[in-house]
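Peer 1: Next comes the sequence, and after it the predicted model I'd like to discuss.
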Amino acid sequence: MKNILIKGMVASAVLTALTGCGAEDSIAPVVEPIPVTCETATSCTKFTILHTNDNHGRFWQSEYGEYGMAARKTLIDSIRDELKAQGQEVLLLSGGDINTGVPESDMQDAVPDFLGMNLIGYDAMAVGNHEFDNDLDVVEMQRKLADFPFLAANIYDNVSGKRYFDAYKVFNIGGVRVAVVGLTTEDTMKIGNAEFIKGLTFTDPKEEIKKVIKDIKDTNVADLIIATTHMGHYADGASGSNAPGDVALARSLPAGDLAAVIGGHSQNPVCMEPGTNAYAEFNRGDACIPDQQNGTYIMQAHEWGKYVGRADFEYFDGKLNLASYKLIPVNLMVLNKYGTPETFDSNDKKSTRLIPGTTAIEENAGVLEVLRPYQEKGQALLDVKIGETDGELIGIKATVRYEQTNLGRLLARAQSKYKLVDADFGIMNSGGVRASIAAGDIAYRDVLTVQPFGNMVAYATMKGEALTTYMSQVATFTAGAGAYAQLDGIKMTVDCDAKTATINEIDGKVFDPAKEYKFSISSFLAAGGDGYPAIAATSIEIADALVLRDFIETQGTINVADFNPVAGDIDYQSAGVSVKACPAVPKS
């Protein structure tokens, strides 16, 4: 403090001396004020917020040993111990979507996930849209099971007119009162199960938070207001067909009203190119600069507990300063060009490599002990019968990539007719079909063998004229390619040589170029996967295998005759001859 005072005195003396001179002789220099920092402020509180989001059932480590709640517990405990030794406190938040994604969790109503969160010591969570993939009885069970509050200021009960969840909770962190407000995407009404949410109303989060902030200020219960949200982060607020997300939320408020947003839903690492509204090219283990909009820090830690976000804050002079930020990997491996952990031969067995600069995080023994029975029970449930088929459903590579098959059509129909999609026809790439299903009983494990990738089901709409152009590219992917399209609900003639498609019927009705049509497709294909044209699509954020399981359970018995390809429905022509698929080498 002495040095600061001396500098101030010297500056004052110089300024006084110069002021005494004639104005024509000199101009008084502008003396920049010395910025106040945590070290120079009258008082400063340091604290850390740790965060994850979009767990989606990943309570157990992956087959490669990545993430998992047992390792997450070890990492978070080590950070808590480090900061406790420095007299600092930690707040642990979740951006929601604990439910849906892994069958071992799904079949047990995410009980192991909430138990794991209790053991790790979460302080609060935003309510995600996938919390409503179950009926409200399950939501209530989960809420009672959790040792932390579910927060959502913008979800109302239609009968009582009151909020269904708490709007916020205030935490005292080293003497600083921090109000954590929960918010959920409005899109839940669009992508959620209508049967389960019919008794609820989801209001505009941007309007709802204004009410909450006013209430907090009027009652003077907090020094700082932050939000834990499940709304999504979209660079520069460009949410497209999605409901507005965290950027729009921050921009809708007076600067300074909302100090930070801990988000979820879009499942991306929010790491920005410095000084811009654009995402940085983020690779596993890279440094991360979170977004900042209108004075609000915005953060998101990708998905599945792959990372724990760590934000080290300083609070002084009534303002929040982010001292440092990082996304800490949880046993993540080097990826190959296909986006899966890279394997190499080691002592005649396949091994993987941790990303450079990281060390293995040991799994907490106590968490493993609690969660292992759920993992084992989940594995056993995979073998429980979910339906049966009266004949073989063909999905072997040698067939499904060369012609239309009954399993290909079944997959396309299951997705297009799923209750949250309800499309006119369906598209399924044959590369997403990995096995056949034998005649007889069908277990969930069979479904996961057919569709092991966990691609999300989506839908898109196009006017007939644009759809013709799109299908001309999709339908002419050649035999043998994973892009070769399995189709249901559409009839057309494909000219393989001219690379054009003439659509004849959709959903049993004559094709109309002026009409708008809706079709199902995976989010992987919609984003340009397998060489498909990238298109705007709405993901329902439910994995293809879950949709297939639901379809089989609903049908009970699959009659293969209902799905066998009908000659002429998809009429491929090459060199004037009908073929089963466009040949890789054109006929002469």
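Peer 2: That came through, no problem.
Peer 1: shaky segments in the chain?
Peer 2: Applying pLDDT under 70 to the chain picks out residues 1-28, 338, 345-350, 586-588.
Peer 1: Tell me the spacing between the residue nearest the centre of it and Pro35.
Peer 2: With distances taken as C-alpha atoms, centre = their mean, Gln267 lies nearest the centre of the chain, 2.8 Å away. Distance, Gln267 to Pro35, by C-beta to C-beta, to the nearest Å: 37 Å. C-betas here are computed from N, CA, C, even on glycine.
Peer 1: Tell me who's in contact with Ala501.
Peer 2: Applying C-beta atoms under 8 Å, 6 or more residues apart in numbering to Ala501 gives the contacts Thr468, Met471, Ser472, Val474, Ala475, Thr476, Met492, Thr493, Val494, Asp495.
Peer 1: Nearest to Pro274 among these?
Peer 2: Val474 (39.7 Å; C-beta to C-beta).
Peer 1: Next, count neighbours for the closest residue to that closest one other than its chain neighbours.
Peer 2: For Val474, ignoring the flanking residues on the chain, the nearest one in space by C-beta to C-beta, 6 or more residues apart in numbering is Ala485 at 5.2 Å. Ala485 has 27 neighbours, counted by other C-beta atoms under 10 Å.
Peer 1: Check the gap between Ala485 and Ala501 for me.
Peer 2: With C-beta to C-beta as the criterion, Ala485 and Ala501 are 10 Å apart.
Peer 1: Ala567 now?
Peer 2: For Ala567 relative to Ala501 (C-beta to C-beta), the value is 18 Å.
Peer 1: Quick check: which element contains Ala483?
Peer 2: Assessed by DSSP states H and E, Ala483 sits outside every helix and strand.
Peer 1: oh sorry, the question was meant for Met428
Peer 2: Per DSSP H and E: Met428 is located in strand 425-429.
Peer 1: which strands and helices sit next to that strand?
Peer 2: Packing partners of strand 425-429 (3 or more C-beta pairs under 8 Å, 6 or more residues apart in numbering; DSSP states H and E): helix 406-416, strand 485-488, strand 516-522.
Peer 1: what's downstream of it, the next helix or strand?
Peer 2: Where DSSP H and E defines the elements, the next helix or strand beyond strand 425-429 is strand 440-443.
Peer 1: Doesn't Phe47 lie inside a strand?
Peer 2: Yes - the assignment for Phe47 by DSSP: H, G, I helix; E, B strand; the rest coil puts it in a strand.
Peer 1: ok, it touching Arg310?
Peer 2: No - using C-beta atoms under 8 Å, Phe47 is not in contact with Arg310, being 11.6 Å away.
Peer 1: returning to that earlier point: ok now do the residue nearest to the centre of the chain, which residues does it touch?
Peer 2: So Gln267 contacts Asn53, Asp54, Gln300, His302, Glu303 (C-beta under 8 Å, 6+ apart).
Peer 1: If we use 10 Å, what do you get?
Peer 2: Counting by C-beta atoms under 10 Å, 6 or more residues apart in numbering, Gln267 makes contact with 53-54, 56, 95, 97, 232-233, 300-304, 306, 456, 541.
Peer 1: Closest one to Ile442 out of these, please.
Peer 2: Met456 (22.4 Å).
Peer 1: contacting residues for the nearest residue to the closest one once chain neighbours are set aside?
Peer 2: Distances taken as C-beta to C-beta, 6+ apart place Ser523 nearest to Met456, at 4.2 Å, with adjacent residues excluded. Ser523 makes contact with Asn455, Met456, Val457, Ala458, Tyr459, Gly529, Ala537, Thr538, Ser539, Ile540, Glu541, Asp544, according to C-beta under 10 Å, 6+ apart.
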